[in-house]
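Visitor: Structure here, sequence nowhere to be found:
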RNA sequence: GCCGGUGUAGCUCAGGUGGUUAGAGCGAAGGUCUCAUAAUCCUUAGGUCCGUGGUUCGAGUCCACGCACCGGCACCA
């Protein structure tokens, strides 16, 4: 398998503040990126903001703020998530940056002659919506949101000849050369392609776009359709405009490109985008990972229902790692999942505080109490051992992670944590400590447990990096955790003989469960 | 309407190619230990495996029909 991987999230719309759904995508992509680094691969992880949409212009107007300042402030809010959510992205692209605008225009010009053509678009235009309406927007011939009768309007736009790429897109996806995860999404795409592909419009009149967006090269009357512009972020962020070394390395010469997206924008990524790249003669992505949505209290989040989960306040209340853990563990990676504080608190207490936190605390405490904090490694192969459990867990963890089954991979780590708790219970170090003749047995038992914790911290680094680091330090490791490679770090018995554990604060204090 | 998926213990879900008493985790109840964050560990749940009919010596596991819920069916981030 290739030793490099370029991972992207969808760029976020800046007309509203970040919600927990953004957090899910960022955190999933981040976990994947960190896992790839753990495997020893070179990773470039990019995210960014989509600022050129008409909806953003309207949101700015509603807020009574100049559009430039509006997008600036919102982009900053998304950038700030890097610290707040513990993200490890390498690049951030804003679609209002000149490197993006120039890149999008370059891509437009690079498209095969004839693939972009002008056509008159006729539609029903709603003045209130400032947009063309489709059948489902209409109720008895009136706009469903304004109750007005839309007027027929004609506008000359550019279209992209998607229809010409039908066979190639079909083969690409059917053969998994462009792999769609999960396979149910692939199947949906296949049946969609089978029903026929129509050309799609890729520009708007300047009036309709409010002159906000990327100008169409060579035609002052048109602004690019936001999707044409937005999709190009994956290459403009690498410096496509100037054919930078970054672009050459991560796009042109890299065969391992992964887009992490939500299920609502599959078509753009799996059909429009590859077709645009084919037209421009550029390399294609390798995989598209499609995640589900976060619901709240069992239903879709909405302001009117008042069930919107704000990631910032949630993270401030519980900490980033409990939130990361919950999103990755509770929500099946490719399906919808429900967010509730009650379930978060349950998992926190049961799995983070009781199982993991207490395991670390009891283990390190015993090493301090019984052996002055010093770990003693017995002869290799000494029994009993946690090694068989650890080996199985590493194997299962890897196969789950490789399949992007983040929730399973996370659950699998807890198998080792539970094994370690049971191991302590069965071997009773507190009894061994009372018998000087059993000193070696005691040393061995505590070594096994701490070694399991070392391994747990490595496996948890992609999931809850801050916590992983704390465990790593407490069992006495001093080298940088983020530089570990799984193939080596998974070897049993790497905690050196004579290691001094570093007992520190409780990593997950129990929560007083709020009754609801 | 068409296409696809799902429906298993209170909750969340596992259950290759059909085979003795249907599993896990959580929650709940009881118990144990004492290193530890009243944590750990052990025992306990008797659930029409959505329904009906069928194939079979035998079906949660295959087939048909039905019911319920979910997703897809283009310019919508």
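Guide: Nice, thanks for sending it over. Keep in mind that this is a model prediction, so the values were computed, not measured. Numbers count the residues shown, from 1 in each chain, chains lettered A, B, ... in the order given.

Visitor: For stretch A:187-206, which outside residues touch it?
Guide: For stretch A:187-206, the external contacting residues (CB atoms under 8 Å, 6 or more residues apart in numbering) are A:54, A:116, A:119, A:121, A:155-163, A:165-166, A:169-170, A:173-174, A:180, A:213, A:216, A:219-225, A:227-228, A:266-267, A:270-272. C-beta coordinates here come from the backbone N, C-alpha and C atoms, glycine included.

Visitor: is that stretch anywhere near RNA strand B?
Guide: Yes: applying CB under 7 Å from any atom of the strand, one finds stretch A:187-206 touching RNA strand B at A:187, A:188, A:191, A:192, A:195, A:196, A:197, A:198, A:200, A:201.

Visitor: ok, back up a step: restricted to helices, list the contacts of stretch A:187-206.
Guide: Judged by DSSP state H, those include A:54, A:166, A:169, A:170, A:173, A:174, A:227, A:228, A:266, A:267 as members of helices.

Visitor: how deep is whatever residue of the stretch 301-450 of chain A ends up closest to RNA strand B tucked in, by neighbour count?
Guide: Nearest to RNA strand B in the stretch 301-450 of chain A, going by CB to the nearest atom of the strand, is residue A:357, at a distance of 1.8 Å. Look at residue A:357: counted by other CB atoms under 10 Å, it has 22 neighbours.

Visitor: Surely it and residue A:507 touch.
Guide: Yes: the pair residue A:357 / residue A:507 is scored as a contact, 4.9 Å apart, by CB atoms under 8 Å.

Visitor: So residue A:184 versus residue A:410, what's the distance?
Guide: As judged by CB to CB, to the nearest Å, residue A:184 and residue A:410 stand 22 Å apart.

Visitor: Between those two, which is the more surrounded one?
Guide: More crowded of residue A:184 and residue A:410, by other CB under 10 Å: residue A:410, with 26 against 13.

Visitor: Close to RNA strand B: what parts of the stretch 151-300 of chain A are there?
Guide: Neighbours of RNA strand B within the stretch 151-300 of chain A, by CB under 7 Å from any atom of the strand: A:162, A:184, A:187-188, A:191-192, A:195-198, A:200-201, A:225-227, A:262-265, A:267-268.

Visitor: where does chain A have low pLDDT?
Guide: A:1, A:126-131, A:133-147, A:298, A:302-305, A:513-516 (pLDDT under 70).

Visitor: Strands along the stretch 1-150 of chain A, start to end?
Guide: A:4-9, A:12-13, A:42-50, A:91-94, A:116-126, A:131-133, A:138-139, A:142-143 (DSSP state E, counting those that start in this stretch).

Visitor: Any chance of a markdown table for those strands, columns mean neighbour count and distance to RNA strand B?
Guide: As requested, these are arranged in a markdown table below (neighbours: other CB atoms under 10 Å; distance: least, CB to the nearest atom of the strand, whole Å):
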| stretch | mean neighbour count | distance to RNA strand B |
| --- | --- | --- |
| strand A:4-9 | 23 | 10 |
| strand A:12-13 | 22 | 5 |
| strand A:42-50 | 23 | 7 |
| strand A:91-94 | 20 | 15 |
| strand A:116-126 | 15 | 8 |
| strand A:131-133 | 18 | 6 |
| strand A:138-139 | 12 | 11 |
| strand A:142-143 | 18 | 13 |
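
Visitor: Kindly reformat those strands as TSV and extend each row with distance to residue A:381.
Guide: Shown next, in TSV, are the strands of the stretch 1-150 of chain A (distance: least, CB to CB, whole Å):
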stretch	distance to residue A:381
strand A:4-9	37
strand A:12-13	52
strand A:42-50	36
strand A:91-94	47
strand A:116-126	68
strand A:131-133	71
strand A:138-139	75
strand A:142-143	76
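
Visitor: thinking again about what came up before, out of the residues of stretch A:187-206 next to RNA strand B, who has the most neighbours?
Guide: Neighbour counts for the residues of stretch A:187-206 next to RNA strand B peak at residue A:197, which has 21 neighbours (criterion: other CB under 10 Å).

Visitor: That residue - that's part of a strand, no?
Guide: No: applying DSSP: H, G, I helix; E, B strand; the rest coil, one finds residue A:197 to be coil, outside a strand.

Visitor: Near RNA strand B, which residues of the stretch 301-450 of chain A are found?
Guide: Counting by CB under 7 Å from any atom of the strand, the stretch 301-450 of chain A sits next to RNA strand B at A:332, A:336, A:346, A:349-350, A:353-358, A:360-362, A:365-366, A:369, A:418, A:421-422, A:424-425, A:428-431.

Visitor: Perfect, that will be all.
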